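**Q** pasting the structure only:
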């Protein structure tokens, strides 16, 4: 066998090991979420229970807003992201004893459920939907470095880089 074929086989094998490792990591992570915790049900069971308890609190407007906020998430991850965000929104609504889930609770739950690096996309999305992001400044920027004008500038800047 020639040398280049051997290197091709070695490279292909290494690539397959990398891809299988990445896939295995995400499968194992999902498996860990489904495992019961020491203090009770698993993370996935808790999320589903919170969503079930809060179903009567959701309005059609709230469901549309949640769907609009998670629309930019890639379709492969959208269902999982929507479930995690809806569970956080449900947790906030049930803790506060709300009679219905309002848009402010949805946006706050979205901010609390998503990692910080996704917040600039959220600011842009809120701007697209015509929702003012300044009431959520403390949640979006805990350090307090952004001003109201900077929030608007960031949403406009992300519009320019996107288009």
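**A** Yep, that arrived. Quick caveat: nothing in here was measured; it's all calculated off a predicted structure.
**Q** show residues contacting stretch 68-82.
**A** 66, 67, 85, 106, 107, 110, 114, 121, 122, 125, 129 (CB atoms under 8 Å, 6 or more residues apart in numbering). Using the backbone N, CA and C atoms, a C-beta is placed for each residue, glycine as well.
**Q** now it: average pLDDT?
**A** On average, the pLDDT along stretch 68-82 is 88.
**Q** sorry, back to before: can you list the contacts of stretch 68-82 in TSV and add neighbour count?
**A** Shown next, in TSV, are these (neighbours: other CB atoms under 10 Å):
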residue	neighbour count
66	21
67	11
85	22
106	25
107	24
110	25
114	19
121	15
122	20
125	21
129	12
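**Q** name the single longest helix found in the protein.
**A** As assigned by DSSP state H, the longest helix anywhere in the chain is helix 3-34.
**Q** pull out the buried residues from the helix or strand just after that helix.
**A** Next along the chain after helix 3-34, taking DSSP states H and E as the criterion, comes helix 43-54. For helix 43-54, a neighbour-count test (16 or more other CB atoms under 10 Å) marks 44, 47, 50, 51, 54 as buried.
**Q** ok, residues contacting helix 43-54?
**A** With contacts defined as CB under 8 Å, 6+ apart, helix 43-54 is touched by 33-34, 36-37, 40-41, 83-84, 86-87, 89-91, 93-94, 101.
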